[in-house]
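> Predicted coordinates and the sequence they were generated for:
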Amino acid sequence: MQKEMKFGTKAIHAGLEPDPATGAIMTPIYQTSTYVQEGVGNHKGYEYSRTLNPTRHALEKNLAAIENGKFGACFGSGLAAMDCVIKMLNPGDEVISTNDLYGGSYRIFTTIFEKYGIKFHFVPMHNTKAIEEKINANTKLIWVETPTNPMMNIIDIKAVAAIAKKNNVLLAVDNTFATPYLQNPLDLGADIVMHSVTKYLGGHSDVVMGALIVNDEKLATEIYRIQNSSGAVCGPQDAFLVLRGIKTLHLRVQRHCENGKKIAEFLNTHPKVDKVYWPGLLTHPNHAIAKAQMRDFGGMVSFTLKGNKLEDALNVVKKVEIFALAESLGGVESLIGHPATMTHAAIPKEKREQTGVVDSLIRLSVGVEDVDDLLADLTNALN
Ligand SMILES: *Cc1c(COP(=O)(O)O)cnc(C)c1O
């Protein structure tokens, strides 16, 4: 792949070639577990589909290219990809993570890996001093998520990368919300990029998948060793669906951003709305960093209602007709969620309110429908 190739071209072509057997332009779904060998050890690069499958392999190469990385690895879910990263660590190692974190990420860290002797610290990372205070000789990994869910906080990847380099610590960035079209953490100094492919990369709410992308060959070898040894791989049918999804990633995300902007601006002047959280707003506390490290600001928008009443928020999520009430994000269709009773219900009220998840907070995954219909839908529901 030529380095100069632009994003839209890479999304459609990188890692892909016509099927060598038939010339099929679309990568076939190689629905096979094993591969016939001509003699012992004499094969075409594929021995067993946990280790490598041609459809998955094509997707891994494509993902690496669109993240400006050298190596990609796909997993059965975003959390399975995270599981692989933490399995590179040893008992006694410590991890410093964003405190405003995807709930499932918090759960895998604290309920799965803490008992294996890995220690996790959760700090507010827009204050980089908070990271440096926690770093010690046992620190092996810094875990960043930006923008965060659902508060849309932005963390300065370059600044955190400088701290990681200085202390010889790996930096991993969960790039799910931004997508490779808007933000490339490897270019900003990260060592590992993680995606919940389930979201924007798949883009059509029909696949659960995760991915890791790296530049360093040693790191890649370790990731492939764990991917093969733990076996949390994705199937070829899902790899095909995601390859198809990525072909329109740049077009979809452009529209997600345009619609997100119009909706954030509409909410920002609506008399019933209190606060709007969208990094593209000049009033967003980390707007300048978002502008520096992202190409645009995405389609995730959160907001609160004046008076902060639970029943008002529940009314809005009930009254919308085009926005569907559902968890997840990043699909072509618009979704609406109520974090306090849905994704963050397990967190005690006081604790969730400290991070901004108040009773009236509503989160939108703005889709790529006609924005006038989305605005009319919200106008109706808010009135
Ligand atoms: C959904 C999500 C995950 C987990 O991914 P799954 O594919 O659901 O396992 C991790 N991080 C973020 C930011 C997410 O939105």
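Sure thing, it's come through.
> Just the pLDDT at the closest residue to Thr343 other than its chain neighbours, thanks.
In this structure, Thr343 finds its nearest non-sequential neighbour in Gly103, 5.4 Å apart by Cβ to Cβ, 6 or more residues apart in numbering. Yep, even glycine has a C-beta here, placed from its N, CA and C like the rest. Note on Gly103: pLDDT of 86.
> what does this structure put close to the ligand?
Where the chain comes near the ligand, counting by Cβ under 6 Å from any ligand atom, the residues are 77-79, 102, 104-105, 145, 149, 174, 176-177, 196, 198-199, 208, 210.
> Next step: those residues restricted to strands.
Counting by DSSP state E, the residues of the chain next to the ligand place 145, 174, 196, 210 in strands.
> Any idea how many residues pack against the last one?
Read it as Gly210. When neighbours are counted by other Cβ atoms under 10 Å, Gly210 registers 25.
> can I assume it is in contact with Ala73?
No: in this structure Gly210 lies outside contact range of Ala73 using Cβ atoms under 8 Å: 9.1 Å.
> which neighbours do those two share?
Common neighbours of Gly210 and Ala73, counting by Cβ atoms under 8 Å, 6 or more residues apart in numbering, are Ala81.
> Which of the ones in strands among the residues of the chain next to the ligand sits closest to Leu63?
Gly210 (10.6 Å; Cβ to Cβ).
> Please name the nearest non-neighbouring residue to the closest residue to the ligand within the stretch 51-200 of the chain.
Relative to the ligand, the nearest point of the stretch 51-200 of the chain is Gly78 (2.3 Å; Cβ to the nearest ligand atom). The shortest distance from Gly78 to any non-neighbouring residue, by Cβ to Cβ, 6+ apart, is to Ser196 (3.0 Å).
> if I look at the one you found, how far off is Lys119?
Ser196 is 24 Å from Lys119, where distance means Cβ to Cβ, to the nearest Å.
> what about the two, which has more around it?
Ser196 (28 against 17).
> Thought Asn175 was touching the more buried one, still the case?
No: with contact defined as Cβ under 8 Å, Ser196 and Asn175 do not form a contacting pair (9.4 Å).
> what number of residues lie near Gly299?
By other Cβ under 10 Å, neighbour count at Gly299 equals 29.
> Quick one, grab the pLDDT at it.
In this model, Gly299 carries a pLDDT of 97.
> repeat for the one 3 residues further on
The predicted local confidence for Ser302 comes out at a pLDDT of 97.
> Quick check: bridge partners of it?
Tyr277, Arg363 (DSSP bridges).
> got a list of what Leu63 touches?
15, 69, 72, 74, 180, 195, 197, 201, 211, 213, 246.
> From the residues you listed, which land in strands?
Counting by DSSP E, the contacts of Leu63 contribute 72, 74, 195, 211, 213 to strands.
> For the fourth one, list each beta-bridge partner.
It refers to Ala211. Assigned bridge partners for Ala211, using DSSP bridges, are Cys74, His195.
> thought it was touching Phe71?
No: here Ala211 lies out of contact with Phe71, judged by Cβ under 8 Å, at a distance of 10.7 Å.
> The two: who's more crowded?
Using other Cβ under 10 Å as the criterion, Ala211 and Phe71 rank with Ala211 on top: 26 against 19.
> Contact partners for the more buried one?
60, 63, 72-75, 81, 194-195, 197, 201.
> what do you get for Lys44?
Lys44 touches Tyr35, counting by Cβ under 8 Å, 6+ apart.
> Give me the distance between it and the ligand.
31 Å (Cβ to the nearest ligand atom, to the nearest Å).
> That residue - that's part of a strand, no?
No: going by DSSP: H, G, I helix; E, B strand; the rest coil, the assignment for Lys44 is coil, not a strand.
> Going by neighbour count, list what's buried in the one helix or strand in the chain whose mean pLDDT sits lowest.
Least confident element among the helices and strands of the chain, by mean pLDDT, DSSP states H and E: helix 349-354 (a mean of 86). Buried residues in helix 349-354, counted by 16 or more other Cβ atoms under 10 Å: Arg352.
> what do you get for stretch 200-207?
In stretch 200-207, counting by 16+ other Cβ under 10 Å, buried: 200-203, 205, 207.
> does Phe323 really touch Ala376, like I thought?
No: Phe323 lies out of contact with Ala376 (Cβ under 8 Å); the separation is 11.3 Å.
> Geometric centre of this protein: which residue is closest?
Thr176 (1.2 Å; Cα atoms, centre = their mean).
> and it, what does it touch?
Per Cβ under 8 Å, 6+ apart, neighbours of Thr176: 78, 102, 145, 194-196, 199-200, 330.
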